[in-house]
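> fold the following and give me the result.
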Amino acid sequence: MKSLNIAILGCGNVGGGVARILTELKEELSVKASCNLELKKIVELYPENSIKRFDLPAGLFCGGGRELTMAEADRYIEELVHSDDIDIIVEAIGGSGDSIYRTAIDICKSKKHLVTANKALLAERGKGIFDAANENNVIVGYEASVCAAIPIVKTIKECFTGDSIVSISGIMNGTSNYILSKMQNENLEFKEALKMARKEGYAEADPTLDINGYDAGHKLIILIKLAFGINITIKDLSVKGIENINKEDIGFATEIDSKIKLICYAKRIDGKIYATVCPMMVKNSNFLSEVNGPTNAVRVINKYSGRHILIGSGAGSLETASSIVADIVFIARYSAKMKNDFKKSDFSFINPSHFVFPYMIIFDTVDIPGITGLVTTSVGNQDINIDTVGHNRHIKDKALFSVATTPCTLQQVENAIKEIRSSNPKVLLKEPKIMPILY
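Coordinates of the predicted model:
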């Protein structure tokens, strides 16, 4: 049986999980791969914690298990990238800066397969990496970059090749979903729920990319490229996070039989792609409303086969690592027949202001007689039909209330707000919150 030799760059949560699975399941994985999978070397600045946490032999680590300087780590990475004894390199360092980008390019140019969970790198700079891989006939495995253990990448690339994808929607960030679930179910404010997420290990010390929507945005970009064949970056995508969601918003969602979720949404309509990442009012009749905690879920609607739902763990050391190992096995078995190419299409990417949704608009205004009528009149002036008006909350000298619309464009809603502001410049105390309603 031939051997396939593997190196891992970075041995934290993800890299350590990969090393553990490769060592614990070595014989079983080798049978699945039809070749002997050998973990040869690991580069890690601080290997002592990884050795203890993942029960790994010190001899696997460059430097024999001692702490490395950055210069030493860079030298070991360079040696592994250009070593004739390594076939696959797992990049588990993270980031999307020039250094890690150059490393990914060098791996491909050295004719080694690259496997990574680095969603930011692929979403922002993936084209150069895939071009280098194609030029050198190597494979980039990236299943773990989107929703960890949920096999959404392989599902789109392989299982739906006989169909045409119409839309993709879902919950693709476990931290934000945990926070919103706690706010909904335990009547907590955002800061309280974030504190619990940190305590439970679902939020990093710096959770910015999770709560501002950019982590989810990177995942959606990868799926958009796969499903629709258009090359966009995070700058092209409309992204809003959950940092401004409060208990009053949760209350307005409850009034219309909904829950607030951070939703990734992309849809193809007549050769145009509409996409956004933002908090949405998800109707309780939609299964996504019941996806709680750190769980991820993705819904794909196809032209011929209809709706498909994948639910599972979207984060975690061993969960993410299991997808990386699956890519390694697939490359070992099928690399000669695998392709990196994203399909290319002539679809155009459309500004979300033209996207049709029913919307929930939450107004924070001065508390004066007739304020609800002033607001709803301006909404109606933009040819928007109003579905419901929420209960007015009188807080000291301000009024807080919501307006739920029937389907219209975001541009219509924004025009209504402009009209309110121009007719009475002092009536709006804060910028109204606008959330699509997802049935």
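> can we go C-alpha only for contacts and neighbour counts from here?
Noted.
> what's in contact with the helix or strand of the chain with the lowest mean pLDDT?
The weakest-scoring helix or strand in the chain, judged by mean pLDDT, DSSP states H and E, is strand 393-395 (a mean of 88). Residues outside strand 393-395 that contact it (C-alpha atoms under 8 Å, 6 or more residues apart in numbering) are 367, 399-401.
> got these as CSV, with secondary structure columns?
Below are those laid out as CSV (DSSP: H, G, I helix; E, B strand; the rest coil):
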residue, secondary structure
Asp367, coil
Ala399, strand
Leu400, strand
Phe401, strand
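> can you give me the helices in the stretch 251-400 of the chain?
317-334, 371-381 (DSSP state H, counting those that start in this stretch).
> same question, the stretch 1-150 of the chain
Going by DSSP H, counting those that start in this stretch, the stretch 1-150 of the chain shows helices at 13-24, 26-33, 47-54, 70-81, 98-109, 119-135.
> pull out the buried residues from stretch 321-333.
321-329, 331-332 (16 or more other C-alpha atoms under 10 Å).
> among the contacts of strand 393-395, which one has the most neighbours?
Ranked by the number of neighbours (other C-alpha atoms under 10 Å), the contacts of strand 393-395 place Leu400 first, at 21 neighbours.
> pLDDT score assigned to that residue?
Looking at Leu400, its pLDDT is 96.
> that one reaches Phe363, doesn't it?
Yes. Counting by C-alpha atoms under 8 Å, Leu400 does reach Phe363; the two are 5.7 Å apart.
> and the least confident helix or strand of the chain, how far out from the chain's middle?
Here strand 393-395 is found 36 Å from its chain centre; the criterion is C-alpha atoms, centre = their mean, to the nearest Å.
> and Ala7, what does it touch?
Ala7 touches 39-42, 80, 86, 88-90, counting by C-alpha under 8 Å, 6+ apart.
> Lys240 versus that one, what's the distance?
For Ala7, the distance to Lys240 equals 37 Å [C-alpha to C-alpha, to the nearest Å].
> so what's Thr388 closest to, chain neighbours aside?
Setting aside the residues directly before and after it, Thr388 is nearest to Ala404 in space (C-alpha to C-alpha, 6 or more residues apart in numbering), at 5.1 Å.
> for Phe401, same thing?
Per C-alpha to C-alpha, 6+ apart, closest to Phe401 is Asn392, 4.7 Å.
> how many other residues sit next to the residue nearest to Thr388?
Going by other C-alpha under 10 Å, the residues that sit close to Ala404 add up to 22.
> can you confirm it is in a helix?
No. Using three-state DSSP, the assignment for Ala404 is strand, not a helix.
> check it and give its pLDDT.
Predicted confidence (pLDDT) for Ala404: 98.
> before we move on, back to that, now the helices of the stretch 1-150 of the chain in JSON lines, with distance to Met281?
Output for the helices of the stretch 1-150 of the chain, formatted as JSON lines (distance: least, C-alpha to C-alpha, whole Å):
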{"stretch": "helix 13-24", "distance to Met281": "33"}
{"stretch": "helix 26-33", "distance to Met281": "43"}
{"stretch": "helix 47-54", "distance to Met281": "40"}
{"stretch": "helix 70-81", "distance to Met281": "46"}
{"stretch": "helix 98-109", "distance to Met281": "37"}
{"stretch": "helix 119-135", "distance to Met281": "26"}
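> nearest to Ser176, of the ones you listed?
helix 119-135 (16.9 Å; C-alpha to C-alpha).
> spit out the contact partners of the residue nearest to Thr388.
358-361, 386-390.
> swap the cut-off to 10 Å and go again
The contact partners of Ala404, by C-alpha atoms under 10 Å, 6 or more residues apart in numbering, come to 252, 256, 358-362, 385-390, 434-437.
> and for Ser167?
224, 227-228, 265-269, 273-275, 299-303, 307.
> not counting sequence-adjacent ones, nearest residue to it?
Lys267 (4.2 Å).
> so what's the one you found bridging to?
Counting by DSSP bridges, Lys267 forms beta bridges with Ser167, Tyr274.
> how many other residues sit next to it?
20.
> so where's the chain uncertain?
In the prediction, the chain carries no residues with pLDDT under 70.
> need the residue in the chain that's farthest from the chain's center.
Farthest-out residue of the chain from its mean C-alpha position, per C-alpha atoms, centre = their mean: Pro369, at 44.2 Å.
> coming back round to it: wait, which of the helices of the stretch 1-150 of the chain is closest to Pro207?
Of those, nearest to Pro207 by C-alpha to C-alpha is helix 119-135, at 14.8 Å.
> buried ones in the closest one?
Quick answer for helix 119-135 (16+ other C-alpha under 10 Å): 119-126, 129-130, 132-134.
> from the chain's centre, how far out does that helix sit?
That offset, for helix 119-135, works out to 17 Å (C-alpha atoms, centre = their mean).
> that one packs against which elements?
helix 98-109, strand 113-116, strand 140-141, helix 214-228 (3 or more C-alpha pairs under 10 Å, 6 or more residues apart in numbering; DSSP states H and E).
> buried set for stretch 64-77?
65, 67-68, 73, 76-77.
> right, I'll call it a day here.
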